[in-house]
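Student: What shape does this take:
(one chain, ligands or ions: 1)
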Amino acid sequence: MTNLFTDRLWNRIEPIWKSYLEHPFVKGLGEGWLEKDKFKHYMKQDYVYLIEYCRLFALGSAKAQDLKTMTKFAKLLHGTLDMEMELHRQYAARFGISHDELEATEAGATTTAYTSYMLNIAQLGGIENVVASVLACAWSYSFIGKELASWPGAIDHEFYGEWVKMYSSDEFTELAEDCMNLINEMAEGKPERELAKLEEIVVKTSYFEYMFWDMAEKQEEWPVKLYTQSRLIKPM
Ligand SMILES: Cc1ncc(C[n+]2csc(CCO)c2C)c(N)n1
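Tutor: Predicted coordinates:
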């Protein structure tokens, strides 16, 4: 039996990912009672998150050592720009937000920290760092999508059903599997010291995923209180 690196990763990330399903934002989304304003905030932050995320896939293509990997990343880039971000544009339209307004969203603290971390890691190392940075995002959404799709009424919900449908779809499962196959191929033959580094990236990005759900729940932008002459001018 082969020892898959993703099986080893699963031991570390399972408790973190299970906590997403307990988080009020994800629970509310799956059970259908999530406040729309929270979802709107999430979709706007997620859109600018995805713009930065696309750069990661482009970096993956640039760093690829063979055409098969280059093509995989190009496919992931296209899938994100054209399919995943289209979901956001459609939800934005339902909220009366134009494409330009959506694109002009100012990234909040968590969004900035998360995308900056991934882009830094991906630029520092070789192709395996790019794959480790994107893995938790693609795989955890597939995990959440599949789980929520099994909750009664989630997929047919008049508002959140589209979200559940997209992330539980075959196309998304395939994108997540592409990332899992890539990391398994790249882990083969690597020394323990390097595997441990990759594992840390996947654990850190899994923590960031939790923080992203929490940012959405709290509708957080920059949690800074601004004072002028001792008067609070920007309560958070
Ligand atoms: C914070 C955050 N994390 C993960 C995803 C999901 N995601 C990002 S890229 C990708 C693969 C192909 O598009 C998937 C599934 C998201 N939307 N927002």
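Student: residues in contact with Met70?
Tutor: Ser61, Ala64 (Cβ atoms under 8 Å, 6 or more residues apart in numbering). Glycine gets a C-beta too; all of them are placed from N, C-alpha and C.
Student: In a strand, it, correct?
Tutor: No. Using DSSP: H, G, I helix; E, B strand; the rest coil, the assignment for Met70 is helix, not a strand.
Student: Quick check: residues of the protein near the ligand?
Tutor: 46, 49-50, 53, 76, 79-80, 84, 137-138, 141, 172, 175, 209, 212 (Cβ under 6 Å from any ligand atom).
Student: Tell me where the chain is predicted with low confidence.
Tutor: By pLDDT under 70, the low-scoring segments of the chain are 1, 235-236.
Student: so what's Ala154 up against?
Tutor: Per Cβ under 8 Å, 6+ apart, neighbours of Ala154: Gly30, Glu31, Gly32, Leu148, Tyr160, Gly161, Val164.
Student: how close does Gly126 get to Gly60?
Tutor: 11 Å (Cβ to Cβ, to the nearest Å).
Student: Which one of these two is surrounded by more residues?
Tutor: Gly60 (25 against 12; other Cβ atoms under 10 Å).
Student: I'd say that one and Asn129 touch.
Tutor: No. In terms of Cβ atoms under 8 Å, Gly60 does not count as a neighbour of Asn129; the distance is 9.8 Å.
Student: Find the residues that touch each one of Gly126 and Gly60.
Tutor: Common neighbours of Gly126 and Gly60 (Cβ under 8 Å, 6+ apart) do not exist.
Student: returning to that earlier point: list residues touching both of Gly60 and Asn129?
Tutor: Residues touching both Gly60 and Asn129 by Cβ under 8 Å, 6+ apart: Ala122.
Student: any idea where the helices of the chain begin and end?
Tutor: 5-22, 24-31, 36-63, 67-79, 85-94, 99-103, 109-124, 127-149, 161-168, 170-187, 192-217 (DSSP state H).
Student: which other helices and strands contact the third one?
Tutor: When you say that, I think you mean helix 36-63. helix 24-31, helix 67-79, helix 85-94, helix 99-103, helix 109-124, helix 127-149, helix 192-217 (3 or more Cβ pairs under 8 Å, 6 or more residues apart in numbering; DSSP states H and E).
Student: And the fifth one, by the same measure?
Tutor: The elements that helix 85-94 packs onto, with contact taken as 3+ Cβ pairs under 8 Å, 6+ apart, are helix 36-63, helix 99-103, helix 161-168.
Student: Now that helix: buried residues?
Tutor: Met85, Leu87, His88, Tyr91, Ala92 (16 or more other Cβ atoms under 10 Å).
Student: I'd say the first one and Leu50 touch.
Tutor: Yes. Met85 is within contact range of Leu50, at 5.5 Å (criterion: Cβ under 8 Å).
Student: So which residue is smack in the middle of this protein?
Tutor: The residue lying closest to the centre of the chain (Cα atoms, centre = their mean) is Cys137, at 3.6 Å.
Student: how near is that residue to Thr115?
Tutor: 10 Å.
Student: list the residues that contact both of those two?
Tutor: Joint contacts of Cys137 and Thr115 (Cβ under 8 Å, 6+ apart) are Tyr53.
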